[in-house]
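**Student:** 3D, please:
(4 chains)
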Number of protein chains: 2
Amino acid sequence: MTSSLVKSNNTTRNKLIETTGKLLQLHGYSGTGLNEIIKQSGAPKGSLYYHFPEGKEQLAYEAIERTKENVTNFIKDSLARYDDPIEAIQNFIYDSAKRFEADSYFNGVPIANIVLEISKTNDRLRELCRKVFESWHEAFADKLKSGGYSDEESWDLAMTINAMIQGAFVICLTRQDSKPLLVMAEQIPVMLIKGK
Amino acid sequence: MTSSLVKSNNTTRNKLIETTGKLLQLHGYSGTGLNEIIKQSGAPKGSLYYHFPEGKEQLAYEAIERTKENVTNFIKDSLARYDDPIEAIQNFIYDSAKRFEADSYFNGVPIANIVLEISKTNDRLRELCRKVFESWHEAFADKLKSGGYSDEESWDLAMTINAMIQGAFVICLTRQDSKPLLVMAEQIPVMLIKGK
DNA sequence: GTCTATACTATGATAGAC
DNA sequence: GTCTATCATAGTATAGAC
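**Tutor:** Residues are numbered from 1 along each chain as shown, chains lettered A, B, ... in the order given. Below you'll find the predicted structure:
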């Protein structure tokens, strides 16, 4: 819908979207105030409703779209580093664990934190979050297919992996360590062995 | 800390805790207002700060404690219905999927919705949520141990199952169907086969 | 594109009567 | 134990000047 990839880098609009994404990930939808977005983005105070006439919901919508692109690309790039799906996915989880420990960007779970809160009250955002999960799911499924798994196997296994990782992130955040992700990584070979 | 099991059934205090638990599950911490809690609980308007002098945080704290008891008991009861851990856990997930489809009580993911939002801003509540996950984890681990899995295997597998189920719930809520849980259930035997 | 000022509503919380 | 009235603050959103 928006041409965010064309020419909007480093603009006020762009900073607002990025800041909103980070704050949503940290504090959820209700917990993220427009005042705080303006403060932390350093954006001019008067420009928010100029760039986002529909207000908070539009801002959140575009922030979620941005997160979708970023995370999907991160997954695809990481998976591309190994031919074997088992190695690739295992390595992706180790990468994620490393990021969780080191990078404050990964403090907070991206989409889950939003969708859990708004799933019953905002269908437009919920539907967008559904597409985000679908996009991640597809990235895992494609990798599995390329490794020789059938379409159906790939769909089921990718769904499982997606759920495992997200659940692990929730528990990591709660415990404040990356152990759950490391445990998941070790389960991957058990799950992905062919010819049960 | 509180003697909620002794004599507080059907009192105003009790209704406030129950309503708060449901609303937290639906709308998160920031999204749940004290006014709405009072309205939906039908509790007398003036009694909130009498029963909960520390306000919203205390109310949330006790609601989380209540959820911990309820869900842990639900898990244990369900797992007790089959001797074999594989059957028991698989059946538990099918039960959860059925509840998800039918019972509005399971609309919303209990603890995850809170902890994702407050993990960086409220250590007291975060720590309590950690104990809740630990309690669920323990229920699964005990079942696995009773089926002959080693302590270490049981710990890892229970962690994985706990994460899978929670991730699946997040995706179920987003998609508004129980398919992800059904997929998880079918993965359980693959994961739990001994002698990899 | 950005500014200030402001409207309106909701929030969590407290005080004092009953 | 519960009531009403009220507080200060923060929330989203709008209008009009520049």
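
**Student:** going by C-alpha atoms from here, please, whenever you check contacts or count neighbours.
**Tutor:** Will do.

**Student:** ok, now which ones touch A:Met191?
**Tutor:** Listed by Cα atoms under 8 Å, 6 or more residues apart in numbering or on different chains, the contact partners of A:Met191 are B:187, B:190-191.

**Student:** want to throw the residues you listed into TSV with pLDDT and distance to DNA strand C?
**Tutor:** Shown next, in TSV, are these (pLDDT from 0 to 100; distance: Cα to the nearest atom of the strand, whole Å):
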residue	pLDDT	distance to DNA strand C
B:Gln187	97	40
B:Val190	94	45
B:Met191	94	42
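
**Student:** would you agree A:Gln45 is in contact with A:Glu36?
**Tutor:** Wrong residue type there; residue A:45 is Lys, not Gln. No: counting by Cα atoms under 8 Å, A:Lys45 does not reach A:Glu36; the two are 10.7 Å apart.

**Student:** which residues in chain A form helices?
**Tutor:** For chain A, the helices defined by DSSP state H occupy A:12-27, A:34-41, A:48-51, A:56-79, A:85-102, A:112-118, A:123-146, A:151-175, A:179-192.

**Student:** can you say which of those helices is packed in most?
**Tutor:** Ranked by mean neighbour count under mean count of other Cα atoms under 10 Å in any protein chain shown, the helices of chain A are led by helix A:112-118, which reaches a mean of 26.

**Student:** so is that helix next to chain B?
**Tutor:** Yes: using Cα under 8 Å from any Cα of the partner chain, we find that helix A:112-118 touches chain B at A:112-113, A:115-118.

**Student:** against A:Ile37, how distant is A:Lys179?
**Tutor:** Distance, A:Lys179 to A:Ile37, using Cα to Cα, to the nearest Å: 32 Å.

**Student:** over to A:Asp95?
**Tutor:** 29 Å.

**Student:** one more: A:Ala63?
**Tutor:** A:Ala63 is 12 Å from A:Ile37, by Cα to Cα.

**Student:** overlap in contacts of these two?
**Tutor:** Contact with both A:Ala63 and A:Ile37 is made by residues A:Thr20, according to Cα under 8 Å, 6+ apart.

**Student:** below-threshold pLDDT in chain A: ranges please.
**Tutor:** A:1-10, A:104-106, A:195-196 (pLDDT under 70).

**Student:** can you list the residues of it near DNA strand C?
**Tutor:** Residues of chain A lying close to DNA strand C (Cα under 7 Å from any atom of the strand) are A:12-13, A:43-47, A:50.

**Student:** mind running it again at 6 Å?
**Tutor:** Chain A comes close to DNA strand C at residues A:12, A:44-47, A:50, as judged by Cα under 6 Å from any atom of the strand.

**Student:** can you narrow those to ones near chain B?
**Tutor:** Residues of those in contact with chain B (Cα under 8 Å from any Cα): none.

**Student:** which phi and psi does A:Tyr149 have?
**Tutor:** phi -80, psi 150 (degrees, to the nearest 10).

**Student:** so what's the gap between stretch A:179-195 and the chain middle?
**Tutor:** Relative to its chain's centre, stretch A:179-195 lies at 21 Å (Cα atoms, centre = their mean, to the nearest Å).

**Student:** output that stretch as CSV, nothing but the C-alphas.
**Tutor:** Listed next in CSV are the C-alpha coordinates belonging to stretch A:179-195 (Å, rounded to 0.1, in the frame of the first residue of the first chain):
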residue,chain,number,x,y,z
LYS,A,179,18.3,-21.2,27.5
PRO,A,180,14.8,-22.1,26.1
LEU,A,181,16.0,-21.2,22.5
LEU,A,182,19.1,-23.4,23.0
VAL,A,183,16.9,-26.3,24.1
MET,A,184,14.7,-25.8,21.0
ALA,A,185,17.7,-25.9,18.7
GLU,A,186,18.7,-29.3,20.1
GLN,A,187,15.2,-30.7,19.4
ILE,A,188,15.3,-29.7,15.8
PRO,A,189,17.2,-32.8,14.5
VAL,A,190,14.9,-35.1,16.5
MET,A,191,11.9,-33.6,14.9
LEU,A,192,13.2,-33.4,11.4
ILE,A,193,14.5,-36.9,10.9
LYS,A,194,12.9,-38.4,7.9
GLY,A,195,11.3,-41.8,7.6
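
**Student:** next, see if stretch A:174-184 gets close to chain B.
**Tutor:** Yes: Stretch A:174-184 is in contact with chain B by Cα under 8 Å from any Cα, via A:174-175, A:180, A:183-184.
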